[in-house]
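> Need a 3D model of the following:
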Amino acid sequence: MAQKVAIIMAAGQSTRMNTKLPKVLHEVCGRPMLSYVLDACRQAGVDRIIIVVGYGKEQIIDRFGDQADITFVEQKEQKGTGHAVMCCRDELERFKGQTLILCGDAPLIRSETLKTLIEKHEQEKSAATLATTILDNPAGYGRIVRDSYGNIQGIVEHNDCTDQQLQIKEVNPGYFCFETPVLLDALKEIKPNNVKNEYYLTDALHITIATGGKVTAVTAVAPEDAMGVNNRRQLSQASKIMQERIQDKLMDAGVTIVDPPNTWIDVRAQIGQDTVIEPFTYIHGQVSIGTNCRIGPFAFLRNGTQIGDDVVLGVFTEIKNTRLADGVRARHHSYLGDAEIEANSDIGAGALTANFDGQKIQKTKIGPNTFVGPGAVLVAPIEIGPDSHLEPGKVVTQKDLKKG
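Take a look at the predicted model:
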């Protein structure tokens, strides 16, 4: 099997996002857009990844620089997709395998699509292959031009289309696979002969065809997956689609989500079988929930929370960086932050942990089989032993426990 390298274009500023953050670092369901593209590449068997950076490069390198399979290449001037790939030539010179070229602002990409692209490329023994999609409204996308036999003749960017070509609904969403030597040869010939005066990567396909190379197109990209994110509205749309995927996966695994449109679950969350997620629950960050739990309605679970089995978190409970062991109950209006609560403890309505002393976060530890009365405030740092019973409405400190 041929080695595979992926070039991911992530250099753009995206003025339409109206942001100081690099576009590919904007989050979709808890993770940067670029993370989804990296995952898809790795799951499709890519050995090495080259990220083309430009605007905000320091932030991107800081976020992903610790990943051993990634190399960063800078595109100092924004001269088009072909120019972005040209910047990678030194990294590709000694590589003889396949090069995938993808966009970093396309978080809805699926590894299955990349696998189909690679399989088609290898089956056809093509010099270059692209994955296409069919859109009812193809505005803004490069059109796929085929001959009467269905063979691809090239791609025409939207701004360069004739009126007839604008009627074509098969488009290029930006999924390419090249034999690397073919790509390098084509890059030498690309010229900025277009409306935008840019170097188009799609011209590499035209050059390959003109020199007798075989170019194949496979219609493998679902319409929703083709959407890149160029503004805040599209970011919201991508997040909605990703949220549906996250919840579908959880429901297939045996989780009940009572009202999916009114529930938000981070892609990093893990939820066990037969747990029920009630409406208006918000789960953000790396959160793990065991089996047979009931969460919500109106529950807010934050990063670092670990929940055991058979736990009940009821209306307007907020849990942050806290471990709840099996059988814990917190049914109403409680805040539990930076705490460890052992098995079968019961947190009364409105009880909370005061975890910040004005300077730093402090820990609360509650032993098993403990009852914390309604409205009690536990002032951290505090450690409560097993089988304890705290009165309602009390402000409790470690000193108070020692006095008792």
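> Which other helices and strands does the lengthiest helix in the chain contact?
For the chain, the longest helix by residue count, based on DSSP state H, is helix 232-252. Under the contact definition 3 or more C-beta pairs under 8 Å, 6 or more residues apart in numbering; DSSP states H and E, helix 232-252 sits against strand 27-28, strand 256-257, strand 264-265. C-beta coordinates here come from the backbone N, C-alpha and C atoms, glycine included.
> Between the two ends of stretch 328-336, what distance do you get?
12 Å (C-alpha to C-alpha, to the nearest Å).
> can you check stretch 102-112 too?
Distance between the two ends of stretch 102-112: 14 Å, counting by C-alpha to C-alpha.
> Show me how far it is from its chain's centre.
9 Å (C-alpha atoms, centre = their mean, to the nearest Å).
> Buried residues in that stretch, which are they?
102-111 (16 or more other C-beta atoms under 10 Å).
> What about the residues you listed, which are in helices?
Among those, the residues falling in helices (DSSP H) are Ser111.
> Direction included, what does the longest strand seen in the chain pair up with?
Using DSSP state E, we find that the single longest strand of the chain is strand 170-179. Here strand 170-179 is paired, per DSSP bridges, with strand 98-103 (antiparallel), strand 128-134 (antiparallel), strand 142-146 (antiparallel).
> mean confidence for it?
The average pLDDT within strand 170-179 is 94.
> Which SSE is immediately downstream of it?
helix 180-187 (DSSP states H and E).
> Give me the helices and strands touching that next one, please.
Using 3+ C-beta pairs under 8 Å, 6+ apart, helix 180-187 sits against helix 81-86, helix 89-92, strand 98-103, helix 202-210.
> buried stuff in it?
Those would be 180, 182-187, for helix 180-187 by 16+ other C-beta under 10 Å.
> Any idea how many residues pack against Cys87?
Using other C-beta atoms under 10 Å, Cys87 has 21 neighbouring residues.
> OK, contacts around it?
Contact analysis of Cys87 by C-beta atoms under 8 Å, 6 or more residues apart in numbering lists 52, 73-75.
> switch to 6 Å and redo it
73, 75 (C-beta atoms under 6 Å, 6 or more residues apart in numbering).
> helices or strands next to the strand or helix carrying Ile49 in the packing?
Assessed by DSSP H and E, Ile49 sits inside strand 48-53. Using 3 or more C-beta pairs under 6 Å, 6 or more residues apart in numbering; DSSP states H and E, the elements in contact with strand 48-53 are strand 4-10, strand 70-74.
> Mind checking those for the one nearest to Ala210?
strand 4-10 (22.5 Å; C-beta to C-beta).
> so how far is that closest one from its chain's centroid?
Using C-alpha atoms, centre = their mean, the offset of strand 4-10 from its chain centre is 17 Å.
> mind listing what that strand pairs with, with the direction of each?
Here, using DSSP bridges, strand 4-10 pairs with strand 48-53 (parallel), strand 98-103 (parallel).
> from those strands, which stretch is densest packed?
Counting by mean count of other C-beta atoms under 10 Å, strand 98-103 has the highest mean neighbour count of these, with a mean of 25.
> Give me the angle between it and helix 202-210.
Here the directions of strand 98-103 and helix 202-210 differ by 150 degrees (axes from the mean of the first three to the mean of the last three C-alpha atoms, to 10 degrees).
> Can we start the residue count at 569 from this point?
Fine by me, first position is 569 from now on; the one you just mentioned is strand 666-671.
> Strand 666-671 to helix 748-755, inter-axis angle?
Using the same axes, to 10 degrees: strand 666-671 against helix 748-755 is 50 degrees.
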